[in-house]
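Trainee: show me the folded form of this:
(chains A, B, C, D and E, ligands or ions: 4)
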Amino acid sequence: MLDLDYSWLADPAYQSWLVVGVINTLKLAAISSIAATLIGMLGALALTLRIAWLDALIELFVEVFRNTPPLLQMLFAYFTLSTLGLQVTDPDTGLSMPLLSAFACAAISLSLFGGALAIEAFRSGIETMPRAIIEAGQALGYSRWARFWRIEAPIATRISLPALTNILSNLFKTTSQASVITVPELMYYAGQIYNDNFRTMEVMILVLVIYVTLVSILTYLMARLERWMAFPGYGKAAS
Amino acid sequence: DTLDTIKERDKLVVGVKTDYAPYGYLNDDGEIVGFEIELAKYVAKELLGSEEKIELVPVVASNRIDFLASGRLDVIFATLGISAARDEVIDFTTQYVSAAGPSILAPEASKLTEWEQYEGRPVCGIQGSYFNKKMTEEFGMNLIAFKSQTEAYRALKDNRCVGMVFDDMTLRLKTLEPEWTDYKIAAQPYEFAPMGGGVREGDTVLKEAIDKAIHKAEGEGKLIEWEAEFNMPASEYIAERAKTAGAE
Amino acid sequence: MTHPEALIEIKDIHKSFGKFNVLNGIDLTVRKGEAVCIIGPSGSGKSTILRCMNGLMPIDRGTIRVGQHQVHSLKTEKAMRPLRHQVAMVFQQYNLFPHKTALENVMMAPIQVLGHDRAEVEDRARKLLDKVRLGHKADSYPGQLSGGQQQRVAIARALAMQPDVILFDEVTAALDPETVKDVLFNIRELVEEGLTCVLVTHEMGFAREVSHHVCFTDHGKIVEDAPPAEFFANPRDPRTREFLGQVL
Amino acid sequence: MTHPEALIEIKDIHKSFGKFNVLNGIDLTVRKGEAVCIIGPSGSGKSTILRCMNGLMPIDRGTIRVGQHQVHSLKTEKAMRPLRHQVAMVFQQYNLFPHKTALENVMMAPIQVLGHDRAEVEDRARKLLDKVRLGHKADSYPGQLSGGQQQRVAIARALAMQPDVILFDEVTAALDPETVKDVLFNIRELVEEGLTCVLVTHEMGFAREVSHHVCFTDHGKIVEDAPPAEFFANPRDPRTREFLGQVL
Amino acid sequence: MMTAQLSYDAKKKSVLFLLAAAVVVWIIVDAATGGDEHWARVGVRLPLLLTGSGDGWPVTGGFILNVLLSIASMAVATALGTIMGIATLAQRAVIRLPAFLVMNFLRNSPWLVLLFAMLYIIPYEIRVFGMVIPFPPFMKAVIGLALPTAANFSEVIRGAVQSIHSGQWEAARSLGYSTRQIYMHVILPQAFRRMIPGWMNLYALLMIATALATVTGIQDVLTILNTSLAMESERALVYFYLTVLFMFFAYCYPIAVFARRLERAVKGDNI
Ligand SMILES: Nc1ncnc2c1ncn2[C@@H]1O[C@H](COP(=O)(O)OP(=O)(O)OP(=O)(O)O)[C@@H](O)[C@H]1O
Ligand SMILES: Nc1ncnc2c1ncn2[C@@H]1O[C@H](COP(=O)(O)OP(=O)(O)OP(=O)(O)O)[C@@H](O)[C@H]1O
Ligand SMILES: [Mg+2]
Ligand SMILES: [Mg+2]
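Mentor: Ligands and ions are numbered 1, 2, ... in the order given. Coordinates of the predicted model:
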């Protein structure tokens, strides 16, 4: 039924497209993962201060970004932010052009989307902190800050790690949507290739395999990190 | 085969453009209209007896062939340029338009008037255009390919690219629009490309039935009428075809 | 009337959770270097008294003085820190930090809270672990220790702070008799060295052996307070008599 | 040699977790209608013995017979079900079903597993709850009960199965003396009615009062097995003597 | 200042209220300074964006199609995910391992790519005994979205089942329950409560992902947005995007809030 023809892989143009595509996918995923994790940590940290106006802003940010499609967020950033004034003058042609390239738009959208999810994850890690641990810290005379840094943050990080793994692998998968705003990543070049050689099925299968492999490597590394950070008798990784 | 299926279901499923005036686009009421839409309706009438027995499925360049191949569509009338590579995966109907190949739309001030000058520069384009690989491989452009024309025009206006490469006629019509008066055709087309409908590889019976319908339309001068209706410049090619078809 | 030598002085404290009154006017005085046991049926408010004593739980009415601190008037976490440095607590559920080894659990607070020298603290911590016979488990995480071992780490952790007062909440529950005896010896030694202890326990033998006086709580009140010999031999209150009569 | 009247017969069982040998050749015989207590230091394998007896944990070597069941040769969950109908267990942590009320916890298994008549089971369950003095708590969820009350519901749940044998794992840990006494009376009554009991406990008074003979485990072996009078007055094994010497 | 007396929650609420008010004011000011023209365009196209037809009836696409798509996919995903989840918990390796592989494959592939793949793997028409059963793109989109959702849901089920304390298994076993009975009477009733928040979160995620269905060629709100933008001016673009973003937000936000409330409620009954 399926007779798959992969002879097109011999074409050097396609080969270089695939390589560039994978490199750009990795770049986009790495940048947005790191940024999302940082946003998540800072956001959750800010929430522990319990400053009402700051918390309201963070909550708004989280809800807006996690309740709208990242695809739409990227399109919005790409097509409308420059209309709203984010422009620079191109020194080459003297014309004004958008400040943010397609790649920047995708990276920023994905970071914010992932960051919103990460804030939630870290926040819930801090919230599920056993009351007993907090009391022990209090009883030993820790100040609120010292208690947070020395005791709660390390434990919360550990508790949040599985959720973070989910978010980062989700983010990695979402990078494929950046093809829609012409970021030259894997999915974009996949489109270029099958529009050229019409071997859609073969191209899609290859792309699927590449993505699954890359995401599996990511989740494997995160699982290693979980195990490395584990302390006996706590969480799943220990047992 | 497909023709039987069409008759059985009593409806022709056609893939058309919705963002490609004058061939297929949405009017202010949100209806799909255009040169190729009229053609498709005509074909439906010929095959099934009524213009109404038709389902218009919006497609873009990058998905039209897949939709056809996977059985979603019976036929496409979607500004499909005839090329050897495509002929390997689908069958073309008789061609009904011969348009100039790609040209480049750029701001009035642009000094890039030769194709070779675009090497290494960002140029907007559309995913699924038959000349895309030539642009990157031969001219060395940094092609930024969008899914739809709307997006590509938008990106050109934003100066995300120094020009937009696309079918000459469409771009020429664009320069006539009030918002596009300070744009010009910077690089001229280097070839002419005929356009035809597409059916699945091996759908010979359907292809012949459609060909017959198109010839009939040409003979009745319908295509010239539609040209006028949708403000297309009168093309010699269509007039020529109408003459030969009428003579038969 | 104030006892001049009293280290801890609790007067008429009340505490309720919603409509449920847990403490109904508790009075208690503990002199420096004394060990006081609190016994009583489950749910009678024993743990709550300890929690109030080091400010983990605010009270509704009454006064608590520990050393020079007026606990009931300390409102912020910050204001309570000097109190906490002076009063340590060993919890019913141990509450060790799961992400640190036994040794680190003991060393953390003196270094991080009191700012003591690391080398000196490590030396002290190792001595304390030896004292509770856990020198060989210094590098185990709480999850790798048995209940009795965790309990002893918790005691060492409290002692490492070199407090004036330690509050023990059911240190012996779910320990086997041998370990109970161990803990008893440790505490007795500490008291002889001048430490003040308040202990909550279900183990009558333990209360008899360790304490200078014993309090019996019921329905949020202290209904009897006497030296252990008198308390166990001649309880005056009928409720105490009934309770002690049940002991096997 | 087989004891003809022995209901439970354990011979030379071994069990290890990885490299750690928990059970090193346990022999134990329990006659019908007897109550046997197992005491010993924490981690000596007491709970493990109980778990092996009703097949919750497979053993590495040796034989276990309960009634007519050869427990060591039952390989599948399914094969163990008749055994489980005969042997009930009360867990150290109670393990009540939190989504059911006290009454439902008691009624569930007889209806769903044994297929008994609902009305009859409800009647029996209410009587059992009355017997453990919890008739008024029939409609409370486990989360609304105190530890001692949960423990008693767990006992009622085990009894509702009308088993021949009940295994009790530290039913008295963390209960106050009054509640311990209550539980003691209940169990004694059951034994008088002909039930066979195996109990693990840390409470020496309890062991003395309730049992026909007492076993002392250490390092995965039973080092002493004697009637309580003899066991507590004249322990032969030095390890037992040492252990009992620590009891306050 | 008066706010100094307010409690934390009251303060936060009032800040959020102020933010909402600021947005409303901004819209009014913008409308007064020329934005009304663009909003009018949005108004004209709104029925098209919502239902896919210019006068709002019949429903052939648009945002309502996204909603229908999400509901249909969730139904399929729940059924598939339950089977997959229980299969990954099976004791027999012949069932567990393949289920585990399939689940991981689906979980690790991007939704967009899976949806694309569905386009080519499933035919548009199936012929059985001369009957033509059409397989419209809507169905393809449903399956394409349901597959990754099912894989995620099976994880939710697994997580919930495994979060039940092992003591419950032992207690039920020692009462003589069979494995099937233990799932039915003891584990699933308890796990169910813990699954609901995860299920709802997943639904919100799925709703958001329906935007990707534009690649299957169905007239979802994003496809329509794009085609209608062809007829609109540059400035109106912003207003159109904001409108569609708001549609998703307005639909998903209440679900997410409700899910979180349930999550908190459930957290308490860990035994
Ligand atoms: N946060 C709370 N909300 C409501 N009631 C509470 C709360 N904390 C404790 N209680 C109730 O207060 C009473 C006293 O609790 P406390 O922990 O002081 O008892 P205890 O004497 O230490 O008992 P035990 O011997 O079981 O430890 C109990 O009846 C308990 O149900
Ligand atoms: N799953 C396991 N993996 C490894 N070791 C285990 C496991 N379960 C129990 N053990 C070990 O086996 C030993 C015996 O455990 P068991 O629960 O039978 O002790 P016990 O005599 O009941 O002690 P306690 O009085 O504390 O309940 C302990 O040292 C424990 O650490
Ligand atoms: Mg207590
Ligand atoms: Mg045990």
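
Trainee: tell me the contacts of the closest residue to A:Glu152 other than its chain neighbours?
Mentor: Excluding the flanking residues, the one nearest A:Glu152 by Cβ to Cβ, 6 or more residues apart in numbering or on different chains is A:Met129, at 5.6 Å. Where you see a C-beta, it was placed from the backbone N, CA and C, and this is true even at glycine. Going by Cβ atoms under 8 Å, 6 or more residues apart in numbering or on different chains, A:Met129 touches A:152, A:155-156, A:159.

Trainee: which one of these is nearest chain D?
Mentor: A:Ile159 (22.5 Å; Cβ to the nearest Cβ).

Trainee: near chain E at all, whichever strand or helix holds that closest one?
Mentor: Using DSSP states H and E, A:Ile159 sits within helix A:153-174. Yes - Helix A:153-174 is in contact with chain E by Cβ under 8 Å from any Cβ of the partner chain, via A:169, A:173-174.

Trainee: please report how far A:Ala132 lies from C:Leu74.
Mentor: To C:Leu74, A:Ala132 is 22 Å away according to Cβ to Cβ, to the nearest Å.

Trainee: which one of those two has more residues nearby?
Mentor: C:Leu74 (18 against 14; other Cβ atoms under 10 Å in any protein chain shown).

Trainee: any idea how far C:Leu83 is from the more buried one?
Mentor: Applying Cβ to Cβ to C:Leu74 and C:Leu83 gives a distance of 7 Å.

Trainee: what touches both of those two?
Mentor: In contact with both C:Leu74 and C:Leu83: C:Gly55, using Cβ under 8 Å, 6+ apart.

Trainee: so where do the helices sit in the chain?
Mentor: Going with chain A. Under the criterion DSSP state H, helices of chain A are mapped to A:12-48, A:52-66, A:70-80, A:102-127, A:131-139, A:144-147, A:153-174, A:186-197, A:200-229.

Trainee: should've been chain E
Mentor: Under DSSP H, chain E gives helices at E:8-30, E:36-51, E:62-88, E:93-108, E:111-121, E:137-162, E:166-174, E:179-181, E:188-209, E:221-229, E:236-267.

Trainee: longest helix in chain C, please.
Mentor: Chain C, longest helix under DSSP H: helix C:177-192.

Trainee: so that one, near chain D or not?
Mentor: Yes - remark: helix C:177-192 sits within contact range of chain D at C:177-181, C:184, by Cβ under 8 Å from any Cβ.

Trainee: from the residues you listed, which would you call buried?
Mentor: For the residues of helix C:177-192 next to chain D, a burial check counting by 16 or more other Cβ atoms under 10 Å in any protein chain shown picks out C:177-181, C:184.

Trainee: of those, closest to A:Asn195?
Mentor: Lowest distance from A:Asn195 to these (Cβ to Cβ) belongs to C:Thr179, with 74.7 Å.

Trainee: check which helix or strand covers the spatially most central residue of chain B.
Mentor: Central residue of chain B (Cα atoms, centre = their mean): B:Thr79, 1.3 Å from the mean position. Element membership for B:Thr79 (DSSP H and E) is strand B:75-81.

Trainee: what residues of the following helix or strand past that strand count as buried?
Mentor: Using DSSP H and E, the helix or strand that follows strand B:75-81 towards the C-terminus is helix B:84-87. The neighbour-count check on helix B:84-87 (16+ other Cβ under 10 Å) flags B:Arg86 as buried.

Trainee: next structured bit after helix B:84-87?
Mentor: Next element after helix B:84-87 (DSSP H and E): strand B:90-100.

Trainee: next one: that next one to chain centre, how far?
Mentor: Centroid separation for strand B:90-100 versus its chain: 9 Å, with Cα atoms, centre = their mean, to the nearest Å.

Trainee: then stretch A:112-119?
Mentor: 8 Å.

Trainee: contact partners of that stretch?
Mentor: Contacts for stretch A:112-119 (Cβ under 8 Å, 6+ apart): A:32-33, A:35-41, A:43-44, A:47, A:58, A:61-66, A:70, A:73, A:164, A:167-168, A:170-171, A:174.

Trainee: do that again at 7 Å, thanks
Mentor: A:32-33, A:35-37, A:39-40, A:43-44, A:58, A:61-62, A:65-66, A:70, A:73, A:164, A:167, A:171 (Cβ atoms under 7 Å, 6 or more residues apart in numbering or on different chains).

Trainee: try stretch B:192-208
Mentor: Contacts for stretch B:192-208 (Cβ under 7 Å, 6+ apart): B:1-3, B:68-69, B:74-77, B:79-82, B:89-101, B:210.

Trainee: what distance separates it from the centre of its chain?
Mentor: 14 Å.

Trainee: hey, which helix or strand in chain C has the poorest pLDDT?
Mentor: One helix or strand of chain C scores below all others by mean pLDDT, DSSP states H and E: helix C:177-192, with a mean of 83.

Trainee: continuing past it, what's the next helix or strand?
Mentor: strand C:196-200.

Trainee: is any part of that following strand close to chain A?
Mentor: No - judged by Cβ under 7 Å from any Cβ of the partner chain, strand C:196-200 makes no contact with chain A; its nearest approach is 13.4 Å.

Trainee: partner strands of that strand, parallel or antiparallel?
Mentor: strand C:35-39 (parallel), strand C:165-169 (parallel) (DSSP bridges).

Trainee: for ligand 2, find the nearest of the ones you listed.
Mentor: strand C:165-169 (19.7 Å; Cβ to the nearest ligand atom).

Trainee: and that closest one with helix A:131-139, angle?
Mentor: If you take axes from the mean of the first three to the mean of the last three Cα atoms, to 10 degrees, strand C:165-169 sits at 170 degrees to helix A:131-139.
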